[in-house]
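S.K.: fold the following, please.
(one chain, ligands or ions: 1)
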Amino acid sequence: MSEGWGIYLQVPFCPTLCPYCDFPVVLRTPGMVEAYLKRLAEEARALYAAFPIHPQSLYLGGGTPSFLKERELEALFSALPWPLAGAEVSLEANPGTLNRARLALLRDLGVNRISLGIQSFQEAVLRRLGRAHRRRGAFRAVELVQDSGLRWSLDLILGLPEQDPWADLREALAVGAPHLSVYSLQIEPGTPFALEEYQPDEIPFEAVEKLLAEGGLERYEVSNFARPGEACRHNLLYWRGGFWLGLGPKAVAQLPGHPRRRETRPPLPRWLQGKPPEVEELDEEEFLKERIMLGLRLKEGLELGALVELPELLKAIEELQEDGLLFLRGTRLQPTSRGLNFLHPVILKLWQALERAGQGPSGG
Ligand code: SF4
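M.R.: Okay, the predicted model is just below:
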């Protein structure tokens, strides 16, 4: 079941705070980045002593990691003791924070994949999303990343009433994105969008999948589409039940053991003081439920192993199969395209079957 190890590193700084975002991010304030880098180096040293792994991936997310200055990026990478040879090293970037020198430095530091937060190519949409870049900046960033020779991905947010979603998808195909993450705008409680009761449009993902497939991007996860060989290895590790370390404020780690251990680091102020992470232990049933929830996000599905012998689960699978939502191939359970679009009720039904069965044999 394990896919090996990854490392997630949270960089909590952003140039602007977007009105739809509920991530734990902050603007830069004097001395804050220095304090963050100092604490990060301490945390990395302690974690390395406990986990001297050779990671298959490192993902720098945020926040906006590309918003760090050159010397700060150098300090960040020199604080990481793990060997990165052969690893996929992804970094989230906003268009306005990239230039040729910054990309060359990132490549020298070991970054080999850029996840570009374009969100839209449409002026009205970018303005509504409160993004710092405009249409021209989006194309410029794509051009820079293409010229850098690094692997890359685009993020799009669809579902704003001001938006033509098909125009955005076609532009992403036209610029040759090898990987695309497509999200429906979600209104998160407490965000400015929630306060103004902003109502997003529904996005028909069957049509999105069809359009992108015609452009050579295969849907491999609910929201992710890629050309062959371009899927994000780090995110695959989450969905396939791998393990990862978490560094930085609010970073989550998934560690092995019985029971499996999930750690969530504290928010920035307490993290800077060196407070310990919150620990959650997943019992076997919770773990299996999570495996089903995450594994079915992938088109490849998940391996059920001995779990297929549970009559309650098998019955639920057969019913979902009759509804055209998933299919069982040997012991591998896979969602259909329709299933990917109606995943919530599918998962609930399987969870209820597991609860009825009192869980039983360990599988996967
Ligand atoms: S740039 Fe990204 S992480 Fe930062 S506030 Fe906007 S959506 Fe949130």
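
S.K.: is residue 154 in a helix, a strand, or coil?
M.R.: In terms of secondary structure, residue 154 is strand; the call rests on DSSP: H, G, I helix; E, B strand; the rest coil.

S.K.: right, and it touches residue 178 too?
M.R.: No. Under the criterion of CB atoms under 8 Å, residue 154 lies out of contact with residue 178, with a separation of 9.1 Å. C-beta: built from backbone N, CA, C; applies to glycine.

S.K.: neighbour count for those two, which is higher?
M.R.: Using other CB atoms under 10 Å, the more surrounded residue of residue 154 and residue 178 is residue 154, with 27 against 19.

S.K.: and the gap between the more buried one and residue 118?
M.R.: In this view, residue 154 and residue 118 are 5 Å apart by CB to CB, to the nearest Å.

S.K.: what sits opposite residue 13 in the beta ladder?
M.R.: According to DSSP bridges, the partner residues bridging residue 13 are residue 26.

S.K.: from residue 110, how far off is it?
M.R.: Summarising the geometry, the distance separating residue 13 from residue 110, computed by CB to CB, is 20 Å.

S.K.: and the host helix or strand of residue 170, what's buried?
M.R.: If you go by DSSP states H and E, residue 170 is part of helix 165-174. By neighbour count on 16 or more other CB atoms under 10 Å, the buried set for helix 165-174 is 165, 168, 169, 171, 172, 173.

S.K.: turn those into TSV, including pLDDT.
M.R.: Rendered in TSV, the data for these read as follows (pLDDT from 0 to 100):
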residue	pLDDT
165	97
168	98
169	98
171	98
172	98
173	98
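
S.K.: now those residues in CSV, with distance to the ligand?
M.R.: CSV is the format used below for the buried residues of helix 165-174 (distance: CB to the nearest ligand atom, whole Å):
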residue, distance to the ligand
165, 18
168, 16
169, 20
171, 20
172, 18
173, 23
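
S.K.: returning to what we had before: packing partners for the helix holding residue 170?
M.R.: Contacts of helix 165-174 with other secondary structure elements, assessed using 3 or more CB pairs under 8 Å, 6 or more residues apart in numbering; DSSP states H and E, are made with strand 151-158, helix 205-214.

S.K.: write out the residues of the stretch 51-200 of the chain neighbouring the ligand.
M.R.: Taking CB under 6 Å from any ligand atom as the criterion, the stretch 51-200 of the chain approaches the ligand at residues 62, 63, 64, 94, 117.
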